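Student: Sharing a model prediction with you, sequence too.
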Amino acid sequence: MIHLFSNKRRVGEFKNFEELVEFFNHIENSKTIDYNNYYDQEKWNFLFYPHKRRSSLNDHTKNPLTEIEEEAYENEFDMIEVYIGDPQTPEQFIITSELDLQEFMRNWCFNYGYAHGYRVFELIDGHADSDDTRSQFPLNNFYGAFKKDKNLIIA
């Protein structure tokens, strides 16, 4: 069970990190976008692209594919795209057997919470794990530590 607090007030309770990712994505998608200053605005999102959905998008887009998108498309892999503040530089990862997607979502949620003034508590066997220790990681280097050869590898 995951508990979310803001300003010492309970915001919500979530069964898993997938639900918390959806909650945070909803917050981000509800924000008003200033298209005149789009690239100056902070952007956070955790997007999952199943291969079939990505394939249909590729068939209709005129934009060139990134190296990661092309590899995922050619090998029929699912992928994720993660924004951690900068709207111009999303991180893309192919979902492979080495990927611990749950742990990756967990880390993204703790970092989102820290960056936006939330406190995230995960109850594990009756003990709370909070974002206190995770807040020591610099956000812009956090995901780079998990990348190896364009795939996410959890150490």
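Tutor: Arrived safely.

Student: Show me where the protein has its helices.
Tutor: With helices called from DSSP state H, the chain shows them at 17-30, 51-60, 67-75, 101-115, 139-142.

Student: what about the fourth one, average pLDDT?
Tutor: If you average the pLDDT over helix 101-115, you get 92.

Student: got it, and the second one?
Tutor: The pLDDT scores in helix 51-60 average 64.

Student: one step back: okay if I get the helices of the chain as a markdown table plus mean neighbour count?
Tutor: Placement of C-beta: from N, CA and C, glycine included. As requested, these are exported to a markdown table (neighbours: other C-beta atoms under 10 Å):
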| stretch | mean neighbour count |
| --- | --- |
| helix 17-30 | 16 |
| helix 51-60 | 12 |
| helix 67-75 | 15 |
| helix 101-115 | 20 |
| helix 139-142 | 12 |
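
Student: Among those, which comes closest to residue 124?
Tutor: Distance to residue 124, taken as C-beta to C-beta, is lowest for helix 101-115 among the helices of the chain, at 11.0 Å.

Student: Run the angle between that closest one and helix 17-30 for me.
Tutor: For helix 101-115 against helix 17-30, the angle between stretch directions is 50 degrees (axes from the mean of the first three to the mean of the last three C-alpha atoms, to 10 degrees).
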